[in-house]
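Engineer: quick one, what's the 3D model for this:
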Amino acid sequence: MTSVVPVSAETPVVARAETRTAPDGDAVRPFTEEAWDRIAGWRDAVDRMPFVVALADGSLPAEAFAFYLAQDAAYLREYSRVLARAAQSAPDPAAQGFLARSSVSALEVETALHRDWLGAHAGLAAADVAAVEASPVTAAYTGHLHAAASGSYAETIAALLPCYWLYAHVGGVLVELAGRRPGGLAGHPYAAWIGTYGDEGFQVATRQARALADAAARWVSPDQRERMLRAFEISSVHEYLFFEQGLTRPAWPTPPL
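Structural biologist: Sure thing, here's the model as predicted:
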């Protein structure tokens, strides 16, 4: 799935792209509005999926969370690379700085959080976490991101966005569901992890990433916009599958006997 990629307090928040007018006179919706509506079904599915529900109520087995977290660390290694590639092609210094800092944060700050939890609760040393092999689900997601990054900057930003936005959305769902437990997060086995979803820095970063996508989509052609929408949609599907693998724990197949 994803992880918190906080934005530096120095990063200026890009203003949301204004609604522009198409050649035929019709108003063009901001990209993020259209994209969010496009994945409504997947958002609803994520809200109700067993992994998220069990994580919220504390019944998720520790081994399931450990698998998810180890795969998240593997995912972030490649996500950081794609953020860095996006920074190289960013159209202005503010976007370049945001993406570059996010790349460093994903690689260093967030993987450190993973190592700490996995070391304390799963007995994995830092070297073990760094050596975790990407599952078929994780490899498919990062492969999609790298493929998007071989295209335009706009398509790359669209593919990267669900990692921010859906993570922030799921965070709200988790905090709400966990709050319904007797005692709320008190005594919750994943209280510290769920608490990170309320981090204001991540909410700021999510708004910044959305603004970058809107800005990138502002003057693209209809065909390019559709590619952006499709990249966003496919990443969102991968987000669902990434959560799901915490329970299914997929492995690479071996040759049949």
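Engineer: assign Thr254 to helix, strand or coil.
Structural biologist: Under DSSP: H, G, I helix; E, B strand; the rest coil, Thr254 falls in the coil class.
Engineer: in contact with it, which residues?
Structural biologist: Residues counted as contacts of Thr254 (C-beta atoms under 8 Å, 6 or more residues apart in numbering): none. C-beta: built from backbone N, CA, C; applies to glycine.
Engineer: just the pLDDT for it.
Structural biologist: Reported pLDDT at Thr254 in the predicted model: 93.
Engineer: skipping adjacent residues, who's closest to Leu69 in space?
Structural biologist: Of all residues not flanking Leu69 in the chain, His114 sits nearest, at 5.4 Å (C-beta to C-beta, 6 or more residues apart in numbering).
Engineer: that neighbour contacts Asp72, correct?
Structural biologist: Yes. The criterion here is C-beta atoms under 8 Å, and His114 meets it with Asp72 at 6.2 Å.
Engineer: how about the residue nearest to Leu69, what does it touch?
Structural biologist: Residues in contact with His114, defined by C-beta under 8 Å, 6+ apart, are 3, 69-70, 72-73, 76, 129.
Engineer: then Leu241?
Structural biologist: Neighbours of Leu241 in contact, by C-beta under 8 Å, 6+ apart: 137, 140-141.
Engineer: redo that, cut-off 7 Å
Structural biologist: Val137 (C-beta atoms under 7 Å, 6 or more residues apart in numbering).
Engineer: how far does whatever helix or strand it lives in sit from the chain's center?
Structural biologist: Element membership for Leu241 (DSSP states H and E) is helix 222-248. Centroid displacement of helix 222-248 relative to its chain, using C-alpha atoms, centre = their mean, to the nearest Å, is 10 Å.
Engineer: quick one: mean pLDDT over that helix.
Structural biologist: 97.
Engineer: check which residues of it are buried.
Structural biologist: Judged by neighbour count (16 or more other C-beta atoms under 10 Å), helix 222-248 contains these buried residues: 224-225, 227-246.
Engineer: what's the answer for stretch 171-185, then?
Structural biologist: Buried-residue list, stretch 171-185, by 16+ other C-beta under 10 Å: 171, 173-175, 177-178.
Engineer: just the strands from the stretch 101-250 of the chain, written as ranges.
Structural biologist: Applying DSSP state E, counting those that start in this stretch to the stretch 101-250 of the chain gives no strands.
Engineer: can you map out the helices along it?
Structural biologist: 111-121, 126-130, 136-149, 153-179, 191-195, 200-217, 222-248 (DSSP state H, counting those that start in this stretch).
Engineer: what packs against the fourth one?
Structural biologist: Helix 153-179 makes packing contacts with helix 40-48, helix 50-57, helix 62-88, helix 136-149, helix 191-195, helix 200-217, helix 222-248 when contacts are defined by 3 or more C-beta pairs under 7 Å, 6 or more residues apart in numbering; DSSP states H and E.
Engineer: among those, which is nearest Trp165?
Structural biologist: For the helices and strands packed on helix 153-179, the distance to Trp165 is smallest for helix 200-217, at 5.7 Å, taking C-beta to C-beta.
Engineer: okay, the angle between the closest one and helix 62-88?
Structural biologist: 50 degrees (axes from the mean of the first three to the mean of the last three C-alpha atoms, to 10 degrees).
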